[in-house]
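Engineer: quick one, structure for this:
(2 chains)
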Amino acid sequence: MKKLVRVAAGQGFWGDDLDAPRRQAEGGEIDYLMLDYLAEVTMSILQKQKERDPAMGYARDFVGAIESVLPAITERGVRVIANAGGVNPPACAAAVMEMAKTRGAAGKLKIGVVTGDDLLPRIDELIGAGHELANMDTGAPLSTVRGEVIAANAYIGSEPILEALTQGANIVVTGRSTDTALTMAPLRYEFGWRADDWDKLASGIVAGHIIECGAQASGGNCLHDWRNIPDLANVGYPIAEVAPDGTFTITKHAGTGGRVSVPTVTEQLVYEMGDPVSYITPDVVADFTTIHLEQAGENRVRVQGIKGGPPTDKLKVSIAYRAGFKAVGTLVYSWPDALDKARAAERILRERLDRLGLRFDHVLAELVGHSSTHGPLAGGPGDVPEVQLRFGVRGPDRKAVERFTREIAPLVLNGPPSVTGFAGGRPKVEEIVAYWPALIEKTQVTSKVQLIA
Amino acid sequence: MKIRLVDIAHARSGDKGDTANVGVIALDPSWYPLLARELTAARVSRHFEGMITGPVDRFELPNLKALNFLLHGALDGGGTISLKTDAQGKVFSTALLRMVLDIPDDEAGKLKLPVARG
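Structural biologist: Here you go, the predicted model:
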């Protein structure tokens, strides 16, 4: 048995830093590369893509990620675990193999494909059998929106990933597994933790929770002392160094930016937290009030003392349904009286929509730069509640501009803190059609008319 | 003495559906008991009046010197439904840190709390 297993996070969501997996694989020794691609809304986006093209429905960035770490996988034995499969893990694996063939590496890959989370084909059967699939927030049964459902996936635990590793997979692709299972599974595989060794399993879950959002645990989006967190442009993504007893250290590669400290790790621990006493997963219920953190050197945080208990008998199901349409537009008004002008524009727009007889479930006007994020809590003019960064590029190389559009979103988890308003996704690349006025002699121009029949 | 929460705590927030969570962490471990005493669910609920439509749940994490709040009905339906800039509740953290606490002078002195600027 290994004395220490190093699980490195290389992706915190679909849209994260494209180069992070390679930096994790090449920046130092690691055993596993863990890539988390799926947020709550991601599955429905992937389902729509699959409806348009049955070969789609997975996180396509994953293919490039694997390509960038092929030497680590084939020469150093690094294994990759990712939920990049989305609603189509087999297609995801096939795409990776296709890429590997062109690199002469297909013979060295064994991809484990985890499926079974997709409940969409069985929805009616499940409802018919008395499973209400009631909304956890509102209590309404799924039958009320049955006709609009486009994706339904159960959050599955570490068991099938463990099975894939046992069968010798060096890449494991899942659909909607829990984020934390991606870290837990290799620990169970390496250390042989029993399925009822609750405290060790809870440790695995906490390690997974800390690293699943990538650099958000290592200085990215960190409010604490944010001005002094070094070199976020080259931020090091987090690595969990786990011992067989379940205790672990969070760290990052030497020579990288960012910071691993008790405050950076604590901020990530409370992220998206519910009741801390029962952090429920399919494998174990972890008690976050038992976590003990300690600075154990520069960019090293020791984590221990974690307790867990048996899981519930249910799995969470992520269901996506059509719920209408929306659009958001922006206008910028300037001095003098910028705020009054913006408010006047809002009134005019509302009135025009009324006159057109348009009806909406909801209309929301926000005054960005005044009160859109902190509402009535926003202070006076000297206390700017929000500032919109508008960042553009222009050049002759479409690929360079395209690449730029992928550099915005990563800042959400790996840049300065308190950032929001990024839901529009990557900026669209527009081709510029420019105006070029010029002169030419009349004699140089002869008109021609040709008809094609 | 007026003490700004932003001077004695840091925070991170996130979402689950239409609920925003805010984790508030004491900047100095010795300030945690004061946070736990002052930041009641009722106080936080009043702070967010007009911004949330549901109740506030509160949880203590003395091991992390942190409190966790669930703000229900904070996100205009949440996720893809929401029309808000902050549809995922990312900066409810800093909105909570705008709170100003009234702390007895002797306690503030003993705990060496930073005095509000301006």
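Engineer: please count neighbours and contacts with C-alpha atoms only from this point.
Structural biologist: Fine.
Engineer: residues in contact with the lengthiest helix in chain A: which ones?
Structural biologist: Taking DSSP state H as the criterion, chain A has its longest helix at helix A:338-355. Contact with helix A:338-355 is made by A:332-333, A:365, A:367, A:370, as judged by C-alpha atoms under 8 Å, 6 or more residues apart in numbering or on different chains.
Engineer: any buried residues in the next helix or strand after that helix, and which?
Structural biologist: Downstream of helix A:338-355, the next assigned helix or strand under DSSP states H and E is helix A:398-405. For helix A:398-405, a neighbour-count test (16 or more other C-alpha atoms under 10 Å in any protein chain shown) marks A:401-402, A:404-405 as buried.
Engineer: and which of the residues you listed is nearest to chain B?
Structural biologist: residue A:405 (19.5 Å; C-alpha to the nearest C-alpha).
Engineer: shouldn't that closest one be in contact with residue A:427?
Structural biologist: Yes - Residue A:405 is within contact range of residue A:427, at 5.5 Å (criterion: C-alpha atoms under 8 Å).
Engineer: how about the residues of chain A that lie near chain B?
Structural biologist: A:40-41, A:137, A:222-224, A:266-268, A:270-276, A:288-293, A:323, A:326, A:328, A:363-364, A:366, A:372-377, A:418-423 (C-alpha under 8 Å from any C-alpha of the partner chain).
Engineer: ends of stretch A:126-135, how far apart?
Structural biologist: Using C-alpha to C-alpha, to the nearest Å, the end-to-end distance of stretch A:126-135 comes to 15 Å.
Engineer: with stretch A:109-116 instead?
Structural biologist: First-to-last residue span, stretch A:109-116, C-alpha to C-alpha: 22 Å.
Engineer: report the buried residues of it.
Structural biologist: A:109-115.
Engineer: cool, stretch B:15-33 as well?
Structural biologist: In stretch B:15-33, counting by 16+ other C-alpha under 10 Å, buried: B:15-27, B:31-32.
Engineer: so who does the residue of the stretch 101-250 of chain A found nearest chain B touch?
Structural biologist: Nearest to chain B, among the residues of the stretch 101-250 of chain A, is residue A:224, at 5.9 Å (C-alpha to the nearest C-alpha). By C-alpha under 8 Å, 6+ apart, the contact set of residue A:224 is A:263-264, B:10-11.
Engineer: what's the answer for residue A:60, then?
Structural biologist: A:84, A:92.
Engineer: distance of it relative to chain B?
Structural biologist: Here the criterion is C-alpha to the nearest C-alpha, to the nearest Å. By it, residue A:60 lies 21 Å from chain B.
Engineer: where do the helices sit along chain B?
Structural biologist: Using DSSP H, helices in chain B cover B:5-8, B:32-38, B:41-47, B:92-96, B:105-110.
Engineer: ranking the ones you listed by burial, who's on top?
Structural biologist: helix B:92-96 (a mean of 24; mean count of other C-alpha atoms under 10 Å in any protein chain shown).
Engineer: ok so, going back, the helices of chain B: which one's closest to chain A?
Structural biologist: Using C-alpha to the nearest C-alpha, the nearest of the helices of chain B to chain A is helix B:92-96, at 5.5 Å.
Engineer: other residues contacting the closest one?
Structural biologist: A:373-374, A:377, A:418, B:6, B:11-13, B:20-24, B:44, B:47-48.
Engineer: now flag whichever of the residues you listed is closest to residue B:110.
Structural biologist: Using C-alpha to C-alpha, residue B:6 is the member of those that lies nearest residue B:110, at 19.0 Å.
Engineer: model confidence at the closest residue to the closest one other than its chain neighbours, what's the number?
Structural biologist: Distances taken as C-alpha to C-alpha, 6 or more residues apart in numbering or on different chains place residue B:97 nearest to residue B:6, at 4.7 Å, with adjacent residues excluded. Predicted confidence (pLDDT) for residue B:97: 98.
Engineer: go on, residue A:418?
Structural biologist: pLDDT, residue A:418: 87.
Engineer: run a quick neighbour tally on it.
Structural biologist: 20 (other C-alpha atoms under 10 Å in any protein chain shown).
Engineer: counting neighbours, what do you get for the closest residue to it other than its chain neighbours?
Structural biologist: Excluding the flanking residues, the one nearest residue A:418 by C-alpha to C-alpha, 6+ apart is residue B:91, at 5.4 Å. Burial of residue B:91 is recorded as 24 neighbouring residues (other C-alpha under 10 Å).
Engineer: wait, residue B:91 touches residue B:15, no?
Structural biologist: No - counting by C-alpha under 8 Å, residue B:91 stays clear of residue B:15, with 10.5 Å between them.
Engineer: just the buried ones among the residues of chain A next to chain B, please.
Structural biologist: Using 16+ other C-alpha under 10 Å, the buried ones in the residues of chain A next to chain B are A:222-224, A:266-268, A:270-276, A:288-291, A:293, A:366, A:372-375, A:377, A:418-421.
Engineer: okay, and which of the residues you listed map to strands?
Structural biologist: residue A:293 (DSSP state E).
Engineer: re the thing from before, what is the nearest of the contacts of helix B:92-96 to residue A:250?
Structural biologist: For these, the nearest to residue A:250 is residue B:12 (18.9 Å; C-alpha to C-alpha).
Engineer: the closest one and chain A, how far apart?
Structural biologist: 6 Å.
Engineer: assess the claim that that residue and residue A:266 are in contact.
Structural biologist: No - using C-alpha under 8 Å, residue B:12 makes no contact with residue A:266, being 9.2 Å away.
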